[in-house]
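*Asks:* From the sequence below, what's the structure:
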Amino acid sequence: VNVATRHCSCRCSSGLSTSDGRAVERSSLKCGSPLRFESSMAHHYRPTSLLTELDFDGWRGDMEADLGAWEDWQDFQSLEELMSLGEYTMFHSRGERWVHPRKDSYRLHTEQLIHENRFHTEMRMSPDAVSKLINILAPRIQRVEYNSRSEGPILPEHIVGVGLRTLAGGSLSDIRHIFKMSVGAAYVSFNDFIDGVNTAPELAIKPPQSDEEWYQKNLGFLAKSSHHIMNGTALCIDGYFQRTNMPSLSEVTNQIAYYSGHYESYGVNCLAGVFSDLQFAHFSVISSGCTNDNQSYPRDTGLVALIDSMPPELYALGDAAFDVSERLLIPFTGSQRADPDKDAFNFYLSQLRIRVEMAFGRMVNKFRILDGKVEGSLDRVVSILTACARLHNFIIQEDGPHDISHLSIEEEMEELGITPNPSAPFGLSYLPSIPDQEFEHELGVSHTRDAIVEAIRDAGHRRPLHNINRQQREQEMFVSPTGQSVGRDFVSPR
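*Replies:* Numbers count the residues shown, from 1 in each chain. Okay, here's the model as predicted:
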């Protein structure tokens with residue numbers, strides 16, 4: 001029900017008109033502005049303009065005196081409701097506009113961070129990398145400066161600063177004070193930053209385009225493979241679970257499909273392919289949280305096409321959630337692990353496949369917004385995850401480390417600042433997609449895997465003793481996010 005309002009002047013008589021044309025006379029009001037009401041449902045109203053210069057006590061008395069006339073107006077629920085809403089509007093008016101002195105705010109903030117040797121810690125990359133990122137994004141996030149009503153306009157460096165510090169885990173309500181923005185402007189700046197990162201071709205995740213590029217990627221894994229056992233590895237793939245809020249029914253038809261019973265949280269499942277230097281060759285948010293990697297992989301046509309594009313003698317490595325094939329090797333499972341040769345194969349495979357786990361761990365440690373639930377709609381969650389993956393590659397390209405082939409796994413994790421997540425199983429830094437409990441079945445056959453096992457048998461290689469002892473210490477039991485102890489059935493044969 002819409003109510004039209006007529007202007008009134010001081011101590012004059014005016015009236016209100018209803019949608020059906022009926023009018024209700026009203027005693028004089030001491031105001032110089034109209035009294036307007038809107039309604040989203042019948043018999044419920046809220047004031048939408050300030051009752052300025054109103055003698056509210058006099059208005060209350062006049063209204064009570066003419067109560068008989070108001071009773072004829074069926075569109076109002078009660079006079080008391082009208083008075084309470086009017087009082088709320090009277091005493092909750094917006095004050096004068098605050099002028100944000102943001103001139104030089106970014107320069108002063110970055111100078112302070114550099115002076116305190118905290119720039120890389122708080123901005124997640126070097127000053128040179130941030131400057132390059134600003135230049136890349138500036139054409140996409142530049143504001144019209146003369147539209148600014150504050151001391152200075154919101155510049156691309158302000159937007160990049162807000163975006164990086166928010167992805168690092170900061171709160172927009174606090175970050176806005178650094179760059180002198182209103183709450184609304186800070187949220188808009190963060191959204192503009194995410195959209196700019198995802199639309200910039202310079203930040204796109206670029207897979208190899210030729211056999212020569214694939215062979216270059218293979219050399220990185222070859223340097224990490226003991227005895228060069230897995231000498232055809234060019235890619236590692238795995239899944240990653242990201243916590244989110246429960247999606248709305250306007251976004252999905254089956255909300256429960258996004259609930260992970262293992263993590264006891266709503267979320268989405270991501271799939272990624274990673275090179276030896278921890279850069280993503282592919283990243284996608286592909287399915288709902290309850291979907292395991294085995295079901296998600298066929299849906300990710302981009303990842304399937306990427307693996308199929310490798311030269312015939314190269315292959316990718318995955319975990320037991322995937323189906324084995326000539327192009328995708330997975331570890332032996334179940335009773336097959338009792339064979340020392342097959343267990344040794346599992347060790348050499350995991351020695352390289354850990355690269356994808358390290359990539360996820362580095363991304364989550366770098367962008368702490370992923371450490372908990374990512375707020376927002378599903379579309380926004382996908383945009384934030386994609387932006388983090390793109391920036392993850394950009395940081396490695398600009399800041400390195402570029403050559404860590406001489407370091408052990410433990411030294412690499414320390415160098416890259418990868419720390420375990422208390423909520424993650426197996427001491428990981430992120431939440432992996434949990435596969436089904438039963439892995440005995442293998443739908444595919446891989447002659448490549450069989451040939452590698454035969455080479456291990458001929459050379460007499462075995463899983464190192466220190467690795468067996470560490471697994472027995474760390475993997476006999478882990479604790480679920482709810483505190484429930486869960487046993488692990490993974491003890492390698494000696």
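
*Asks:* Which elements pack onto the longest helix anywhere in the chain?
*Replies:* Secondary structure of the chain per DSSP state H: the longest helix is helix 340-366. Judged by 3 or more Cβ pairs under 8 Å, 6 or more residues apart in numbering; DSSP states H and E, the packing partners of helix 340-366 are helix 211-224, strand 233-243, strand 265-274, strand 315-317, helix 378-399, helix 409-416, helix 447-459. C-beta here means a position set from N, CA and C on the backbone, and glycine is covered the same way.

*Asks:* run the last query once more with 6 Å
*Replies:* Counting contacts by 3 or more Cβ pairs under 6 Å, 6 or more residues apart in numbering; DSSP states H and E, helix 340-366 packs against strand 233-243, strand 265-274, strand 315-317, helix 447-459.

*Asks:* To residue 324, which of these lies closest?
*Replies:* Closest of the helices and strands packed on helix 340-366 to residue 324 is helix 447-459, at 6.5 Å (criterion: Cβ to Cβ).

*Asks:* Helix 340-366 and that closest one, what's the angle between them?
*Replies:* 120 degrees (axes from the mean of the first three to the mean of the last three Cα atoms, to 10 degrees).

*Asks:* returning to what we had before: could you dump the helices and strands packed on helix 340-366 into CSV with mean pLDDT and mean neighbour count added?
*Replies:* Formatted as CSV, the helices and strands packed on helix 340-366 follow (pLDDT from 0 to 100; neighbours: other Cβ atoms under 10 Å):
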stretch, mean pLDDT, mean neighbour count
strand 233-243, 95, 26
strand 265-274, 95, 24
strand 315-317, 96, 26
helix 447-459, 94, 15
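
*Asks:* want to throw the ones you listed into JSON lines with distance to residue 182?
*Replies:* Converted to JSON lines, these look like this (distance: least, Cβ to Cβ, whole Å):
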{"stretch": "strand 233-243", "distance to residue 182": "29"}
{"stretch": "strand 265-274", "distance to residue 182": "31"}
{"stretch": "strand 315-317", "distance to residue 182": "48"}
{"stretch": "helix 447-459", "distance to residue 182": "59"}
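
*Asks:* Of all the ones you listed, which one is nearest residue 398?
*Replies:* strand 265-274 (18.1 Å).

*Asks:* how far off strand 233-243 does the closest one point, in degrees?
*Replies:* 170 degrees.

*Asks:* Now do the next helix or strand after strand 265-274, average pLDDT.
*Replies:* Sequence order places strand 280-288 as the next helix or strand after strand 265-274, per DSSP states H and E. The predicted model assigns strand 280-288 a mean pLDDT of 95.

*Asks:* following strand 280-288, which helix or strand shows up next?
*Replies:* Taking DSSP H and E, what comes next after strand 280-288 is helix 293-299.

*Asks:* what packs against that next one?
*Replies:* Applying 3+ Cβ pairs under 6 Å, 6+ apart, one finds that helix 293-299 contacts strand 280-288.

*Asks:* tilt between the strand it packs on and strand 265-274?
*Replies:* 150 degrees.

*Asks:* Mind listing residues that contact strand 280-288?
*Replies:* Here strand 280-288 makes contact (Cβ atoms under 6 Å, 6 or more residues apart in numbering) with 205, 207, 257-258, 268-275, 296, 299-300, 302-303, 306, 382, 385, 389, 393.

*Asks:* do the same with stretch 232-248
*Replies:* By Cβ under 6 Å, 6+ apart, stretch 232-248 touches 214, 217-218, 221, 255, 258, 265-271, 273-274, 293, 310, 313-318, 352-353, 355-356, 360, 373-374, 378, 381, 430-431, 433.

*Asks:* Starting from residue 323, give me the distance back to residue 444.
*Replies:* Applying Cβ to Cβ, to the nearest Å, the value for residue 444 to residue 323 is 5 Å.

*Asks:* neighbour count winner among these two?
*Replies:* Counted by other Cβ atoms under 10 Å, residue 444 and residue 323 do not tie: residue 323 has more neighbours, with 16 against 13.

*Asks:* Neighbours of residue 199, how many?
*Replies:* 11.

*Asks:* Equivalent analysis for residue 228, please.
*Replies:* When neighbours are defined as other Cβ under 10 Å, residue 228 has 12 of them.

*Asks:* One more: residue 113?
*Replies:* 16.

*Asks:* What residues sit buried inside the strand or helix carrying it?
*Replies:* Assigned by DSSP H and E, residue 113 belongs to helix 105-115. By neighbour count on 16 or more other Cβ atoms under 10 Å, the buried set for helix 105-115 is 105-106, 109-110, 113.

*Asks:* just stretch 302-320 next, same as before
*Replies:* 303, 306-307, 310, 314-320.

*Asks:* And it, end to end?
*Replies:* The first and last residues of stretch 302-320 sit 21 Å apart, counting by Cα to Cα, to the nearest Å.

*Asks:* contacts for it?
*Replies:* By Cβ under 6 Å, 6+ apart, stretch 302-320 touches 207, 211, 214, 218, 232-237, 271, 273, 282, 327-331, 333, 349, 352-353, 439.

*Asks:* same thing but 8 Å
*Replies:* For stretch 302-320, contacts defined as Cβ atoms under 8 Å, 6 or more residues apart in numbering pick out 207-208, 211, 214-215, 218, 230, 232-238, 271, 273, 281-282, 284, 293, 297-298, 326-331, 333, 349, 352-353, 435, 439, 448.

*Asks:* where does the protein dip in pLDDT?
*Replies:* 1-103, 144-151, 401-443, 466, 469-494 (pLDDT under 70).

*Asks:* What subset of the contacts of stretch 302-320 is buried?
*Replies:* Among the contacts of stretch 302-320, those scoring as buried are 207-208, 214-215, 218, 230, 232-238, 271, 273, 281-282, 284, 293, 297, 327-331, 333, 349, 352-353, 435, 439, 448 (criterion: 16+ other Cβ under 10 Å).

*Asks:* any idea how far residue 176 is from residue 162?
*Replies:* Taking Cβ to Cβ, one finds residue 176 at 7 Å from residue 162.

*Asks:* which residues touch the nearest residue to residue 383 once chain neighbours are set aside?
*Replies:* Closest residue to residue 383 apart from its sequence neighbours, by Cβ to Cβ, 6 or more residues apart in numbering: residue 194 at 5.2 Å. Counting by Cβ under 8 Å, 6+ apart, residue 194 makes contact with 163, 380, 383-384, 387.

*Asks:* Mind telling me what element residue 194 is part of?
*Replies:* Here residue 194 is covered by helix 183-199, with elements defined by DSSP H and E.

*Asks:* Counting neighbours, show which residues of that helix come out buried.
*Replies:* 185-194, 196-198.

*Asks:* how much does that helix deviate in direction from helix 378-399?
*Replies:* Going by the same axes, to 10 degrees, helix 183-199 makes 70 degrees with helix 378-399.

*Asks:* got the CA coordinates for helix 183-199 in PDB?
*Replies:* Extracted as PDB, the C-alpha positions of helix 183-199 are listed here (Å, rounded to 0.1, in the frame of the first residue of the first chain):
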ATOM      1  CA  VAL A 183      32.500   1.200   5.300                       C
ATOM      2  CA  GLY A 184      30.600   1.200   2.100                       C
ATOM      3  CA  ALA A 185      33.600   2.400   0.100                       C
ATOM      4  CA  ALA A 186      35.800  -0.300   1.600                       C
ATOM      5  CA  TYR A 187      33.500  -3.100   0.600                       C
ATOM      6  CA  VAL A 188      33.100  -1.700  -2.900                       C
ATOM      7  CA  SER A 189      36.900  -1.400  -3.200                       C
ATOM      8  CA  PHE A 190      37.400  -5.000  -2.200                       C
ATOM      9  CA  ASN A 191      34.900  -6.200  -4.700                       C
ATOM     10  CA  ASP A 192      36.500  -4.100  -7.400                       C
ATOM     11  CA  PHE A 193      39.900  -5.500  -6.500                       C
ATOM     12  CA  ILE A 194      38.600  -9.100  -6.800                       C
ATOM     13  CA  ASP A 195      36.900  -8.500 -10.100                       C
ATOM     14  CA  GLY A 196      40.100  -6.700 -11.400                       C
ATOM     15  CA  VAL A 197      42.300  -9.600 -10.500                       C
ATOM     16  CA  ASN A 198      40.000 -12.200 -12.200                       C
ATOM     17  CA  THR A 199      39.700 -10.200 -15.400                       C
END
